[in-house]
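> how would this look folded up:
(3 chains)
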Amino acid sequence: MKKTLGQLAEFLGGTAVGDTATIITGVRGIEEAGAGDITFLANPKYMRFLETTAASAVIVSPDVSPQGRSFIQVDNPYLAFAKVVTLFSVGVRDYFGVSPQAFVHPESDVDPECAVYPFVYVGKGAQVKKKAVLYPGVYLGEGAFVGEESILYPNVTIMNRCIIMNRVIIHGGTVIGADGFGFAHEGDKQVKFPQIGIVVIEDDVEIGSNCSIDRAALGETRIHRGVKMDNLIQIGHNVIVEEDSILVAQVGISGSTHVGKKVVLAGQAGLVGHITVGDGAIVTAKTGVYKDIPPGEIMSGYPMIPHKKWLRAMPVVAKLPELRKEIESLRKRIEQLEKKTGKV
Amino acid sequence: MKKTLGQLAEFLGGTAVGDTATIITGVRGIEEAGAGDITFLANPKYMRFLETTAASAVIVSPDVSPQGRSFIQVDNPYLAFAKVVTLFSVGVRDYFGVSPQAFVHPESDVDPECAVYPFVYVGKGAQVKKKAVLYPGVYLGEGAFVGEESILYPNVTIMNRCIIMNRVIIHGGTVIGADGFGFAHEGDKQVKFPQIGIVVIEDDVEIGSNCSIDRAALGETRIHRGVKMDNLIQIGHNVIVEEDSILVAQVGISGSTHVGKKVVLAGQAGLVGHITVGDGAIVTAKTGVYKDIPPGEIMSGYPMIPHKKWLRAMPVVAKLPELRKEIESLRKRIEQLEKKTGKV
Amino acid sequence: MKKTLGQLAEFLGGTAVGDTATIITGVRGIEEAGAGDITFLANPKYMRFLETTAASAVIVSPDVSPQGRSFIQVDNPYLAFAKVVTLFSVGVRDYFGVSPQAFVHPESDVDPECAVYPFVYVGKGAQVKKKAVLYPGVYLGEGAFVGEESILYPNVTIMNRCIIMNRVIIHGGTVIGADGFGFAHEGDKQVKFPQIGIVVIEDDVEIGSNCSIDRAALGETRIHRGVKMDNLIQIGHNVIVEEDSILVAQVGISGSTHVGKKVVLAGQAGLVGHITVGDGAIVTAKTGVYKDIPPGEIMSGYPMIPHKKWLRAMPVVAKLPELRKEIESLRKRIEQLEKKTGKV
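Residues are numbered from 1 along each chain as shown, chains lettered A, B, ... in the order given. Predicted structure coming up:
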């Protein structure tokens, strides 16, 4: 791949400054970039690298004009760089077609334009649509569905009847559609409540590695369009996560909880079951969510309280020993006063 | 599958009311159910759906008698429904026998009534008993044992010599018998303490997806009969979990800790090593357990304190800034009083 | 394997006491050991087992001289026992060579002295060096590298171009090099920032099961020599963990954070992104790390504070309800005093 600076500026809808004929052949971070590379500056704390980078060009915001450099000004340099990286990324896939070393059930339906690597299992009645990619060790259960251009990375498990829609990315080791955690009590004994629902993963969702998304007891567990999930996340049965929400690593959501649109759940947050998190709410890292959150609220703490309250309360926690001493000292002074004024 | 309401009532030991000849052909949740379905009502907060559900019949508790409906009254509708779901569930397995695309070591012992899917590895000396099911990507190490009717879902790893007894269910991606985390110090260097013990999973245990249960350094890590484990749980080496305990998702238990019978460890709780949790104890979500818990106690918090204390203390944490101001104001009033009464 | 007590003492550089001709044929824990076994005593709380153990010999520290027993005195009994266990451990591997049931890309480079089990995928341009072991279900992406004597346990995923150096151990289900969690915003839409960096795992690192270590956005995520990681750990993109640090189970580290040398991160600790943890720092279990930690500091709590402060503050938290009552009572006494001294 080879582009001139001018061509890239046009591609990005930005303004090229300096030598617009500069040839760009690669993309790298501002510290590692060398001749032929384009890089970017989005975070002002890296400003000093503008002086030292060996990059041939830099993508910057409109208010930055590095002296003696060729650059492109755009409104959102991070976004623009993401687009350039995508442009320069070449597919690294080394396998195409349906491998004879895969197991494809005769009663399944796999589009010939897919990549089905060796050691993939495609169960009875399963469907795999155009340009989907199934890496080694992927398991597709009976009647499961994988939509167009979806990518299942190595050792991903999709249990029976679960539905993965289009352009979904699921990273290695993630398990979709294992049984939810549900037991009825018969006297002393736990009786398994059969989990006969499914999981639906809608278009453009990305799910990290080693996540667990359980199938519904009845009905569906559903991850709506555009949700982005990091690694090692637990989603209980019958959970709903609505469009464009972001779940950071090691979050856990218990059964039947409903997470609204554009919600952010930060790392290691935990949500109990059967609650609702309103659209646009933010739950900070490690927060323990035990009840509903209204739309747009920011919550923190274990147990959670409004974020602003938490920010004010936490510094006082560290000073509790001093506070206790202060109270003790006040008590003594009051006793003195009481003696003086003739009261026991 | 087709049953009359009367037949189902008899199967459940319950009382059919209404048209006992109603034909039931399926099971669904109260909101999704349609003609031919039986559903259930266990949680009073769904009572209003009794009016609107399209189900042909409902399983209810003895104190509920929905007008104009056919229903079955039983003591425990949730349990009864679980049994009906099990009755109506048909096996969804699409593979039987031992696949020629599996690797079965010539010196292993696999019962011919098992299902061994393609891409399963059965190591030297491993045993797989009657009606066990090994899904694709399952690894059974040298000398490992899988008992009757146990199910290992896709990409489950059982390391050498570990023992999975009867009717055990292990969901996708779980790793049993990886090395425990043990190192000796030789000056500056960490020397691996070889982990030569095993893991034993007893009868009727269910383990969720992507769990890690480490083998013992010496001796055993053991999960006793009937324990139910959710997803993404960490069990350190030499841990013992006794009968019928329940471990919710993302719990972590450090090495050599002993968890008693019928204990509940809620989501994201963490236990340090070398402690004992007494029978019937309950540890609430996210609790940090740093020392022994007596039988039957309920503990919460990080670090843990008795649950009742925690419930009283936490609301005060949120009010600490006000409390601090109050103390400050009291201090000033005392100063005033001291001045008045002639004391500095 | 058979050694006399005298031979073992010499091997360990220790002092044999009692019958140095005692034949040792096995190693077991002090409670399980029987005739022919050697065991050890490192933790004084197990001292009483010295009386009852059926072991033929015991490894003890120089200040312990069990009556009527044969034993070896060494400075570090735990380390010495680790060495004896290693001596007595025989390889349990049941597969050698490159399996015809593996997929080895014709343009890869696999040393003939490796073990490549069935159902391993070795991608185009991948290299596997001498005596490396790849268990079933291992995936090596295009251009990935595995150094000498490294062991990848079952169902480990190494994505394209990632580098695993020498004598590395990676337990089952761990995913190295999945995409980091990075998105740019284009109006309402999340645009994936392509993750084109790699992961480097240096010599002598051990990584537990079901961990997720993400590839860098640009540049590298790097785990330095000798780091030991437990299970279910999350490492974000561009994280650096320096030499000999220890990460306990379920720790999570967000993107671009830099962890120094010989740091200890205890179980379920969480670190935000873009911070630095100084050499030798200790983060206790469940701690929420939201900013830099200076070298050598011990931190606890959520949010973190210095460990000593935390130890003093936490007991007061449990007593907050009493403290609040005390403040209320002081307020009333002050009101009384104010009335008496003629002030409202």
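
> ok, the residue lying closest to residue A:150 once chain neighbours are set aside - how many residues close by?
Spatial nearest neighbour of residue A:150, chain neighbours left out: residue A:168 (4.3 Å); criterion: CB to CB, 6 or more residues apart in numbering or on different chains. In this view, the C-beta of every residue, glycine as well, is placed from N, C-alpha and C. Counted with other CB atoms under 10 Å in any protein chain shown, the neighbours of residue A:168 add up to 25.

> I'd like to check which residues are in contact with residue A:168.
Going by CB atoms under 8 Å, 6 or more residues apart in numbering or on different chains, residue A:168 touches A:146-147, A:150-151, A:201-207.

> does residue A:333 sit in a helix, a strand or a coil?
What DSSP: H, G, I helix; E, B strand; the rest coil gives for residue A:333 is helix.

> I'd assumed residue B:333 was in contact with it.
No. If you go by CB atoms under 8 Å, residue A:333 and residue B:333 don't touch, sitting 10.5 Å apart.

> what are the bridge partners for the nearest residue to residue A:284 once chain neighbours are set aside, then?
Computed as CB to CB, 6+ apart, the closest residue to residue A:284 that is not its neighbour in sequence is residue A:300, at 4.3 Å. Judged by DSSP bridges, the bridge partners of residue A:300 are residue A:305.

> Next, find the distance separating residue A:300 from residue C:272.
13 Å (CB to CB, to the nearest Å).

> Next: residue A:314.
Here the criterion is CB to CB. By it, residue A:314 lies 15 Å from residue C:272.

> Up against chain C, what does the stretch 1-150 of chain A have?
A:27-29, A:31-32, A:76, A:78-79, A:81-83, A:85-86, A:89, A:92-95, A:99, A:101, A:117-119, A:135-137 (CB under 8 Å from any CB of the partner chain).

> any weak-confidence spans in chain A?
Applying pLDDT under 70 to chain A picks out residues A:90-94, A:343-344.

> what's near enough to touch the residue most central in space within chain A?
Residue closest to the mean C-alpha point of chain A, counted by CA atoms, centre = their mean, is residue A:229 at 2.8 Å. If you count contacts by CB under 8 Å, 6+ apart, residue A:229 has them with A:205-208, A:211, A:223, A:246-247.

> Can you name the residues bridging to it?
Bridge pairing for residue A:229 - DSSP bridges - gives residue A:207, residue A:247.

> coming back round to it: find the residues that touch each one of residue A:333 and residue B:333.
Counting by CB under 8 Å, 6+ apart, nothing touches both residue A:333 and residue B:333.

> and the gap between residue A:206 and chain C?
Per CB to the nearest CB, to the nearest Å, residue A:206 is found 7 Å from chain C.

> got the contact list for that residue?
Neighbours of residue A:206 in contact, by CB under 8 Å, 6+ apart: A:168-170, A:227-229, C:179, C:192.

> same thing but at 10 Å, please
A:151, A:167-171, A:226-230, C:179, C:181, C:183, C:190, C:192 (CB atoms under 10 Å, 6 or more residues apart in numbering or on different chains).

> Let's see which of these end up in strands.
The strands, defined by DSSP state E, take in A:151, A:169-170, A:228-229, C:183, C:190, C:192 from the contacts of residue A:206.

> Between these, which sits nearest residue A:38?
Residue A:38 lies nearest to residue C:192 out of the ones in strands among the contacts of residue A:206, by CB to CB, at 18.7 Å.

> quick one: the closest one from chain B, how far?
24 Å.

> Show me what that residue bridges to in the sheet.
With DSSP bridges as the rule, residue C:192 is bridged to residue C:183.

> What about the ones in strands among the contacts of residue A:206, which one has the most neighbours?
Ranked by neighbour count (other CB under 10 Å), those have residue A:170 at the top, with 29 neighbours.

> hang on, that residue packs against residue A:147?
No. Assessed by CB atoms under 10 Å, residue A:170 is found out of contact with residue A:147, at 11.9 Å.

> Please enumerate the shared neighbours of the two.
With CB under 10 Å, 6+ apart as the test, residue A:170 and residue A:147 both reach A:164, A:201.

> Could you confirm whether stretch A:110-119 reaches chain B?
Yes. Applying CB under 10 Å from any CB of the partner chain, one finds stretch A:110-119 touching chain B at A:118-119.

> residues of that stretch that come out buried?
Residues of stretch A:110-119 classed as buried by neighbour count (16 or more other CB atoms under 10 Å in any protein chain shown): A:110, A:114-119.

> cool, and stretch A:115-133?
Neighbour-count burial for stretch A:115-133 flags A:115-129, A:131-133 (criterion: 16+ other CB under 10 Å).

> got it, and stretch A:187-202?
Result for stretch A:187-202 [16+ other CB under 10 Å]: buried residues A:190-202.

> List every C-alpha atom in it, with coordinates, as PDB.
C-alpha atoms of stretch A:187-202 as PDB (Å, rounded to 0.1, in the frame of the first residue of the first chain):
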ATOM      1  CA  GLY A 187     -36.300 -30.500  49.600                       C
ATOM      2  CA  ASP A 188     -32.500 -30.700  50.100                       C
ATOM      3  CA  LYS A 189     -31.700 -31.300  46.400                       C
ATOM      4  CA  GLN A 190     -30.900 -28.900  43.600                       C
ATOM      5  CA  VAL A 191     -32.900 -29.800  40.500                       C
ATOM      6  CA  LYS A 192     -31.600 -28.300  37.300                       C
ATOM      7  CA  PHE A 193     -34.000 -26.000  35.600                       C
ATOM      8  CA  PRO A 194     -33.400 -26.900  31.900                       C
ATOM      9  CA  GLN A 195     -32.200 -23.900  30.000                       C
ATOM     10  CA  ILE A 196     -34.100 -24.100  26.700                       C
ATOM     11  CA  GLY A 197     -33.800 -20.500  25.500                       C
ATOM     12  CA  ILE A 198     -31.200 -19.100  23.300                       C
ATOM     13  CA  VAL A 199     -28.700 -16.200  22.800                       C
ATOM     14  CA  VAL A 200     -29.000 -13.600  20.100                       C
ATOM     15  CA  ILE A 201     -26.000 -11.500  19.200                       C
ATOM     16  CA  GLU A 202     -27.000  -8.700  16.900                       C
END
